[in-house]
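**Student:** Sequence isn't available, so here's the structure alone:
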């Protein structure tokens with residue numbers, strides 16, 4: 001039997017776990033494409049951790065797109081452990097980005113709720 005035929009069409013939501021600068025540059029396009037197919041009401045959260053934090057910094061070239069997606073209901077979170085280890089102040093995050101204690105724990109919590117996890 002075709003595995004795709006057995007897969008559900010929807011999940012409670014999708015979490016993107018961004019760990020690298022390369023992923024940070026592609027994840028917004030991934031989110032836009034996903035919402036175009038699954039619908040704009042599909043819950044989406046993007047977690048930035050480690051070097052992926054560059055995505056959610058105010059100085060990021062992606063800050064305008066980030067703000068637009070947040071306005072459309074996409075959640076963005078930054079790993080507090082990564083902020084601390086990199087010497088970054090949460091005040092330097094794009095307004096509206098949540099700070100979570102540990103990015104990996106947040107990703108696990110969402111997976112336990114049935115979210116699909118994608119690491120671009």
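**Tutor:** Yes, it's here. Values in this document were obtained by computation on a predicted structure and should not be read as measured data.
**Student:** what about the strands in the chain?
**Tutor:** 14-18, 44-48, 75-79, 98-100, 116-118 (DSSP state E).
**Student:** Minimum distance to residue 106: which of these has it?
**Tutor:** With C-beta to C-beta as the measure, strand 98-100 is the member of those nearest residue 106 (4.4 Å). (Glycine included, C-beta is placed from N, CA and C.)
**Student:** in its sheet, what does that closest one sit against?
**Tutor:** strand 75-79 (parallel) (DSSP bridges).
**Student:** For the strand it pairs with, the averaged confidence score.
**Tutor:** Here strand 75-79 scores 98 as its mean pLDDT.
**Student:** Name the surrounding residues that touch that strand.
**Tutor:** 43-50, 53, 55-56, 66, 69-70, 90, 93-94, 96-100, 102-104, 106 (C-beta atoms under 8 Å, 6 or more residues apart in numbering).
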